[in-house]
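Asks: sharing a sequence plus its predicted fold:
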Amino acid sequence: MTILPLRKFFAAAVVAVCLPFAPLTALAAPAANLPDFTDLVDKVGPSVVNIRTTTRVTLSPRGLPPGMDNGDMSEFFRRFFGIPVPQGPQGGQSPRGGQGGGQDSGPDSGNDTEQSSGVGSGFIMTSDGYVMTNAHVVDDADSIYVTLTDKREFKAKLIGVDDRTDVAVVKIQANNLPAITIGDSNKVRVGEWVLAIGSPFGLENTVTAGIVSAKGRDTGDYLPFIQTDVAVNPGNSGGPLINMQGEVIGINSQIYSRTGGFMGISFAIPIDEAMRVADQLKATGKVTRGRIAVAIGEVTKDVADSLGLPKAQGALVSSVEPGGPADKAGIQPGDIIQKFNGQTVDAATDLPRMVGDTKPGTRSTITIWRKGTTRDLPITVAELQPDKGTKADQRKAPEPKPRAANALGLSVTDLTADQLSQLKIKGGVMVDSVDGPAARAGLQKGDIILRVGDTDITGAKQFQEVTSRLDSQKMVAILVRRGDNTQFVPLRPRNPGQK
């Protein structure tokens, strides 16, 4: 009798029990369906490149880092190695292998040298040397080097970067290169097999595989990411995400991680978005986007129900830049943007992409929902400028006037003419104190109430009359301004005597 180790014994027992009940063909079927990536890697591999970047640093005459003198290094070597510090010769062999002396041998002189600053990946877009990668791969680089799979290395010229989409294009002086095939990221399906090729941790031409686990994952203003479970690690950035047809459908850009390494979720920039950016970078070295100068937020189900919207979709206008395109078009805080140029705005994150893809100067149409009705407004798209920090409104609230309690748990006071002028509003009341429903919803002293339901608020007395008629069985949307931002807050009025 043959004695099997315990682990092998259980394996044999399972097979012995299962075989009589399952045909051999049934057991072999799953293996036959597993994908074979070998031909795919042979086809796409040569189009993937390694990218390393360097920055220029200045060393002291003895090869020491800036700010560290010879005495510091002597003590370091004495303590940890028991040897004296290597001395830079005066007229002898220099730390860089050349001859000492000359202009670099003086006590205050220094040497410039290149220091490695990062490693990433990329892929060949065109046979004449255009390479796409991530913007963060080439950030702050003084020199960029591209290495092909045949070990040829080229110093690359930076064509342009776009930080908003994390896309960059560089150019190497070479021809007849194996350009990658560009796919269609709109045709990507959740569950399909994909693979990544790149240089994780500097390990060139590493292939990992998995499936698309989600589409349209919003983690940025302009990027509906492709989410996968493909193993992506530092160094994979900028490399291609490949489908089973050998087409690039995305650029591996980000991972979700609590440790710095792969944890099962990675994100790729859709290639359609990346190519639109790359075409502009190749043509002008920069990306031009449209803007309409509004701040927007999500339309929640509670807000949609309280406003009578059929479904929770669109972009809620929280603030409008004075004198901007939206202001000139008549858009107001509290409006719900439902369409842009006939395209439905399903989520708030759709609008920045729609507007951003529109050429500045284009006359467009924007559809809004206001007080239970829809209307189309003509708007001329402006050019998006670099981000500028905004200062919070630091105006002090005036001394409160006598308060008036109501079913929403709000005590309010009238605004003075100067306050209305400073805030650039025509009406409203200032919150003096909160309790009950308003407190639970997060309203604060100093907030401005602009509208209750579909009724514009003009003063404390009128506000009291409006709130006294509210139905405690129905949610009501309160349009609230805080600082420079405006948003709807759904509240359920309390019954008389209720806290």
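Replies: Everything's here; your move.
Asks: secondary structure class for D272?
Replies: helix (DSSP: H, G, I helix; E, B strand; the rest coil).
Asks: any idea how far D39 is from it?
Replies: Noted for D272: a distance of 26 Å to D39, by Cβ to Cβ, to the nearest Å. No exception for glycine: its C-beta is placed from N, CA and C like everyone else's.
Asks: looking at these two, which one has more neighbours?
Replies: Using other Cβ atoms under 10 Å as the criterion, D272 and D39 rank with D272 on top: 17 against 9.
Asks: isn't that one up against S185?
Replies: Yes - counting by Cβ atoms under 8 Å, S185 is a contact partner of D272 at 4.7 Å.
Asks: report the set of residues contacting both of those two.
Replies: Common neighbours of D272 and S185, counting by Cβ atoms under 8 Å, 6 or more residues apart in numbering, are absent.
Asks: ok, now how distant is M244 from F123?
Replies: Distance from M244 to F123, by Cβ to Cβ: 17 Å.
Asks: look at those two and report which has more neighbours.
Replies: Higher neighbour count among M244 and F123: F123, with 23 against 12, using other Cβ under 10 Å.
Asks: same for the stretch of helix or strand the more buried one belongs to, what does it pack against?
Replies: Here F123, judged by DSSP states H and E, is contained in strand 111-124. Helices and strands touching strand 111-124, by 3 or more Cβ pairs under 8 Å, 6 or more residues apart in numbering; DSSP states H and E, are strand 48-59, strand 130-134, helix 135-138, strand 193-198.
Asks: what's the closest of these to I379?
Replies: Comparing these by their distance to I379 (Cβ to Cβ), the top pick is helix 135-138, with 30.0 Å.
Asks: which residues outside that closest one are in contact with it?
Replies: Against helix 135-138 from outside (Cβ under 8 Å, 6+ apart): 51, 53, 118, 120-122, 144, 158, 161-163, 165-168, 170, 237-238.
Asks: what is the burial count for D376?
Replies: By other Cβ under 10 Å, neighbour count at D376 equals 11.
Asks: can you report phi and psi for it?
Replies: phi -100, psi 130 (degrees, to the nearest 10).
Asks: what's across from it in the sheet?
Replies: On the basis of DSSP bridges, D376 is bridged to T367.
Asks: isn't it up against T367?
Replies: Yes - between D376 and T367 there is a contact under Cβ under 8 Å: 5.3 Å.
Asks: walk me through the domains of this structure.
Replies: Split into domains by automatic domain parsing, the chain comes to 181-284, 290-383, 410-491.
Asks: mind putting those domains into CSV with mean pLDDT and distance to N33?
Replies: Formatted as CSV, those follow (pLDDT from 0 to 100; distance: least, Cβ to Cβ, whole Å):
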stretch, mean pLDDT, distance to N33
domain 181-284, 90, 11
domain 290-383, 91, 35
domain 410-491, 89, 50
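Asks: mind putting the ones you listed into CSV with distance to M132?
Replies: As requested, these are exported to CSV (distance: least, Cβ to Cβ, whole Å):
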stretch, distance to M132
domain 181-284, 6
domain 290-383, 19
domain 410-491, 37
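Asks: closest one to S47 among those domains?
Replies: domain 181-284 (7.6 Å).
Asks: straight-line length of the closest one, end to end?
Replies: 24 Å (Cα to Cα, to the nearest Å).
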